[in-house]
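Engineer: could you work out the structure for the sequence below:
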Amino acid sequence: MSNPLPAEPRLTVPLEVYYFDTDAGGVVHNIAYLRMVEIARSQLAAALGWSLEEMGRTGLVPVVARTEIDYLKPARLGDHLAVSAELVRMEKVRFLIRFEIASATQPGRIFARCIQTMVTVQLPGGRPQAVPSAWRDAYPELLTEN
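Structural biologist: Numbers count the residues shown, from 1 in each chain. This is a model prediction of the structure:
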């Protein structure tokens, strides 16, 4: 994590709803939203210097401890989506990322909102580790005492 981090710990990923994302009625099923969140979270981590390659090299990985998701409107086959991800809080070994899955073509149309609590662990073994120091240095306003 030696490259400079972006000023804001957020990004938006464009995605399209494919047939495999939907049920027989063409509506996105709940597990597909989690896949979309996973894509956005992985891209956010990479943008913040914690790529999949870095995780493999160091063994320091984020693990999902909790997912809360609100399904607000059904997305449908062929919809173009904007999946935003934002690092919103850091603790000693945990951090929270907020997501919004929205229409890329209809401003204000929100399909789902999600927040995930992640725990930083060292593999092998899965022992909790501190959130990356580069994140703590770049975004001190997100630190809490927990």
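Engineer: assign the residue nearest the centre of the chain to helix, strand or coil.
Structural biologist: Nearest to the mean C-alpha position of the chain, counting by C-alpha atoms, centre = their mean, stands Arg41 at 2.5 Å. Reducing the assignment at Arg41 to three states with DSSP: H, G, I helix; E, B strand; the rest coil gives helix.
Engineer: Glu8: how many residues sit nearby?
Structural biologist: Neighbours of Glu8 under the rule other C-beta atoms under 10 Å: 10. Glycine gets a C-beta too; all of them are placed from N, C-alpha and C.
Engineer: tell me which element it falls in.
Structural biologist: Following DSSP states H and E, one finds Glu8 outside all helices and strands.
Engineer: in space, what's closest to it - neighbours in sequence excluded?
Structural biologist: Leaving aside its sequence neighbours, Glu8 sits nearest to Glu86 (C-beta to C-beta, 6 or more residues apart in numbering; 7.9 Å).
Engineer: likewise for Asp79?
Structural biologist: Spatially, and ignoring its direct neighbours in sequence, Asp79 is nearest to Val17 (4.5 Å; C-beta to C-beta, 6+ apart).
Engineer: I'd say the one you found and Val83 touch.
Structural biologist: No: in this structure, Val17 is not within contact of Val83 by C-beta atoms under 8 Å, at 11.2 Å.
Engineer: those two: who's more crowded?
Structural biologist: Higher neighbour count among Val17 and Val83: Val83, with 24 against 20, using other C-beta under 10 Å.
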